[in-house]
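Enquirer: Fold the following and give me the result.
(one chain, ligands or ions: 1)
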Amino acid sequence: MLDIKEIRNQFPVLDQQVYGKPLVYLDNAATTQKPLCVIERERDYYLHENCNIHRGVHYLSQKATEAYEHARQTVADFVHAKEAREIIFTRGTTESLNLLATSFEHLLLSTSNSQLTTDSQLSTLNSQLKVLVTSMEHHSNLVPWQQMVQRHHGRLLVVPMDDRGILDLEQYEKLLKEGPKVVSIAHISNVLGTINPVKEMIAMAHQYGIPVVVDGAQSIAHHPIDVQDLDCDFFVFSGHKMYAPMGIGGLYGKAEWLEKLPPYQFGGEMVDTVSFDKTTFNVLPYKFEAGTPNVGAALGLETAIQFIKGLDRREVEAHEGQLLRSALEKLSEIDGIHFIGESDHRSGLVSFIIDGIHPYDLGTIIDKMGVAVRTGHHCAEPVMTRFGIPGTVRASFALYNTLEEVEVFVNAVKKAAMMLR
Ligand SMILES: Cc1ncc(COP(=O)(O)O)c(C=O)c1O
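Expert: This next block holds a predicted model:
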């Protein structure tokens, strides 16, 4: 059994009052809190090891380099990558997705340019440039691809979903036949909580020879990830949503894909040789890591992974599932409540609206009762358009939340609803 009290002791930020009420932190899909071990690891790095890496022959630089590369291996093991060079450190999911959209754009254009001779041939190919996403993507997995295809008069293909927030796999198959160059899909929706059948979707895309990117921002902290079992070509995530510091995250890519893709940013460390005429690039993973990285945060990420691995993951899943079920059951008692996202296969978050009440007003009132939830479109405006709503109230759980907190949250919602009606 998880000892939640002991776990909460490791998160001092939870132990505070806001507006004279104990803080109930239910905005974990936005960012999780950090345990002491992570905070101390980063502090320790700056106290004793701080140094630029890969560049110095001196003791501290070698020590920091070793620690950074050790962290890369820890991430690789955590997602079950074949090799550490398949892990690129980035600032997070958003940067990983921008990296992929930009690199794919250059790869696809360089291939088409070398094969095509006339302008009209090139413009025909560009208009065929398609990327497939789903209708439940976070803007970070939508806008980079949208901008990429629009620069070449191509288009996004979008997998629709039903009223419960479940993707239509028949439509998905039809869209795959239209020949997108890349498929990029959320593992778990940050609005609906739906866990998408990514393994099946990856296998379907591979039948058409299409590479698949999985946006794991909402899954990695809560469910074990095995990139080889999923057989995804890329998996992207943010450290700060998995108990690690902000400013660090990752991109897993199959080595054969990362070898093929051109670099994203240019500068120090990612080069092999440089002259005024020509530059050659470093090997993986350094080819994609231009400039000085956030070493302290990478070490914090490694410690966060060790923290997660130190717990029984099935117990964590069961605990977060229990929090979700309790919230759904208790919230259902409220008149006029509508859940946005009702898949049976879902993760620990709940999004809802209440008839006649603006989500923002509700969020503002329960904030005064100490309850931190998120309101608005959650960086997924097309989801709001799909459901014809301005936004939702979203409560998202993490391993340190308790059933008592769920109760406080639901009571606060009930009280606020009464005040606003
Ligand atoms: C599904 C999903 N993708 C991408 C992101 C973007 O993550 P970040 O802001 O850490 O880059 C988020 C953040 O909420 C998310 O939930």
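
Enquirer: contacts, neighbours, all on C-alpha from now
Expert: OK.

Enquirer: residues touching Ala64, list them.
Expert: Taking CA atoms under 8 Å, 6 or more residues apart in numbering as the criterion, Ala64 is in contact with Glu49, Asn50, Cys51, Asn52, Ile53, Val295.

Enquirer: tell me which element it falls in.
Expert: In this structure, Ala64 sits in helix 59-78 according to DSSP states H and E.

Enquirer: Quick check: buried residues in that helix?
Expert: Along helix 59-78, the positions that meet the burial threshold by neighbour count (16 or more other CA atoms under 10 Å) are 60-62, 64-65, 67-78.

Enquirer: go on, stretch 279-289?
Expert: In terms of neighbour count (16+ other CA under 10 Å), stretch 279-289 has its buried residues at Phe281, Asn282, Leu284, Pro285, Tyr286, Lys287, Phe288, Glu289.

Enquirer: now stretch 175-191
Expert: 175-176, 179-191.

Enquirer: among those, which are within reach of the ligand?
Expert: Restricting the buried residues of stretch 175-191 to those within reach of the ligand (CA under 6 Å from any ligand atom) leaves Ala186, Ser189, Asn190.

Enquirer: what about the second one, distance to Val182?
Expert: Using CA to CA, to the nearest Å, Ser189 is found at 19 Å from Val182.

Enquirer: same question, Val413
Expert: Distance check for Val413 against Val182: by CA to CA, it reads 42 Å.

Enquirer: can you check His338 too?
Expert: Distance, His338 to Val182, by CA to CA: 34 Å.

Enquirer: Secondary structure, distance to the ligand and pLDDT for the buried residues of stretch 279-289 - can I get that in CSV?
Expert: Listed next are these as CSV, based on DSSP: H, G, I helix; E, B strand; the rest coil; distance: CA to the nearest ligand atom, whole Å; pLDDT from 0 to 100:
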residue, secondary structure, distance to the ligand, pLDDT
Phe281, strand, 26, 96
Asn282, coil, 26, 96
Leu284, coil, 22, 97
Pro285, coil, 20, 97
Tyr286, helix, 21, 97
Lys287, helix, 21, 97
Phe288, helix, 17, 98
Glu289, coil, 17, 97
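
Enquirer: Kindly present those residues as JSON lines, with separate columns for distance to Arg313.
Expert: Converted to JSON lines, the buried residues of stretch 279-289 look like this (distance: CA to CA, whole Å):
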{"residue": "Phe281", "distance to Arg313": "40"}
{"residue": "Asn282", "distance to Arg313": "37"}
{"residue": "Leu284", "distance to Arg313": "31"}
{"residue": "Pro285", "distance to Arg313": "29"}
{"residue": "Tyr286", "distance to Arg313": "32"}
{"residue": "Lys287", "distance to Arg313": "34"}
{"residue": "Phe288", "distance to Arg313": "31"}
{"residue": "Glu289", "distance to Arg313": "31"}
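
Enquirer: what's near enough to touch Ile225?
Expert: Phe78, Val79, His80.

Enquirer: do Asn52 as well
Expert: For Asn52, the contacting residues are Ser61, Ala64, Thr65, Thr292, taking CA under 8 Å, 6+ apart as the criterion.

Enquirer: From the residues you listed, pick the one nearest the ligand.
Expert: Thr292 (19.0 Å; CA to the nearest ligand atom).

Enquirer: Would you mind measuring from the residue nearest to that closest one when sequence neighbours are not counted to Ala67?
Expert: If you skip the residues right next to it in sequence, Thr292 has Asn52 as its closest partner in space, 7.0 Å away by CA to CA, 6 or more residues apart in numbering. In this view, Asn52 and Ala67 are 12 Å apart by CA to CA.

Enquirer: what does Ser351 give?
Expert: When CA to CA is the yardstick, Ser351 and Ala67 sit 40 Å from each other.

Enquirer: what's the answer for His378, then?
Expert: 35 Å.

Enquirer: Give me the below-cutoff pLDDT ranges for this protein.
Expert: Judged against pLDDT under 70, the low-scoring parts of the chain cover residues 113-127.
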